[in-house]
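Dropping a prediction and its sequence here:
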Amino acid sequence: MIKYMVTVSCKEGSIIYDCDCKTERGAFGFGKRLANEAFYGEECEIKVELEEDYNKRMEKNKTLAQRIEEQEIITRKELYRG
């Protein structure tokens, strides 16, 4: 099984869900079912990405403040364990 990140976007909002599927087509079908349950009757956009690609994109889009905050959290954990 391959991990995919399925993003269902609509004008009401969006849902990001991770799923284990054999194929990208299966993940897209999961996204269609998710869109039907969450946004019944609305026009939605479904985006399917591999989890690794999604994580790389999210890491790239982080702001400098978020990166500094993550480093501070890691440092505090190390000091707490120390």
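Now that the structure is in, tell me what you want to look at.

quick one: stretch 22-32 to chain centroid distance?
Distance of stretch 22-32 from its chain centroid, counting by CA atoms, centre = their mean, to the nearest Å, is 15 Å.

cool, and stretch 7-18?
That offset, for stretch 7-18, works out to 10 Å (CA atoms, centre = their mean).

neighbouring contacts of the helix or strand hosting N36?
Using DSSP states H and E, the element containing N36 is helix 24-38. With contact meaning CB atoms under 8 Å, 6 or more residues apart in numbering, helix 24-38 is reached by 4, 6-8, 10, 15, 17, 19, 21, 42, 44, 46-48. The way it works is simple: take the backbone N, C-alpha and C, and place the C-beta from them, glycine included.

Tell me which of those fall in helices.
Using DSSP state H, no member of the contacts of helix 24-38 falls within helices.

Rounded mean pLDDT for the helix holding N36, please.
Regarding helix 24-38, the rounded mean pLDDT is 92.

Next, the buried residues of that helix.
With burial defined by 16 or more other CB atoms under 10 Å, the residues of helix 24-38 counted as buried are G26, A27, G29, F30, G31, L34, A35, A38.
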